[in-house]
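>>> Turn this into a structure:
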Amino acid sequence: MRITIDIDEVTLDQVIKYTGETKKGPALVKAASEFVRRQLNREFATKVMEGEFADYPMTNDEIEDFDR
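This is a model prediction of the structure:
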């Protein structure tokens, strides 16, 4: 899907730098995908910590190691 966005040059330069991509499009896709992945991890961790998965086989330490 193609979209048009306005993003300031400083932020775009940082996205390119931190993603390691050389082109704008792939850099933004990588940054957005990473953001969504991290949000999903946070939501899952919150559910685990709240006991939503009472029979979940991993300990808190194992979960933290897995996220790294």
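>>> What ranges does the chain have for its helices?
Ranges of helices in the chain, per DSSP state H, are 9-19, 24-49, 60-67.
>>> ok, how many other residues are close to the residue lying closest to residue 22 once chain neighbours are set aside?
Closest residue to residue 22 apart from its sequence neighbours, by CB to CB, 6 or more residues apart in numbering: residue 16 at 7.2 Å. Backbone N, C-alpha and C define where each C-beta goes, glycine included. When neighbours are counted by other CB atoms under 10 Å, residue 16 registers 18.
>>> And residue 27, by the same measure?
20.
>>> what's the spacing between it and residue 8?
14 Å (CB to CB, to the nearest Å).
>>> how about the helices of the chain in a markdown table, adding mean pLDDT and distance to residue 1?
Output for the helices of the chain, formatted as a markdown table (pLDDT from 0 to 100; distance: least, CB to CB, whole Å):
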| stretch | mean pLDDT | distance to residue 1 |
| --- | --- | --- |
| helix 9-19 | 97 | 19 |
| helix 24-49 | 94 | 10 |
| helix 60-67 | 78 | 29 |
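>>> of the ones you listed, which approaches residue 3 most closely?
When the helices of the chain are compared by CB to CB, helix 24-49 sits nearest residue 3, at 9.5 Å.
>>> For the closest one, buried residues please.
Across helix 24-49, burial judged by 16 or more other CB atoms under 10 Å covers 27-28, 30-31.
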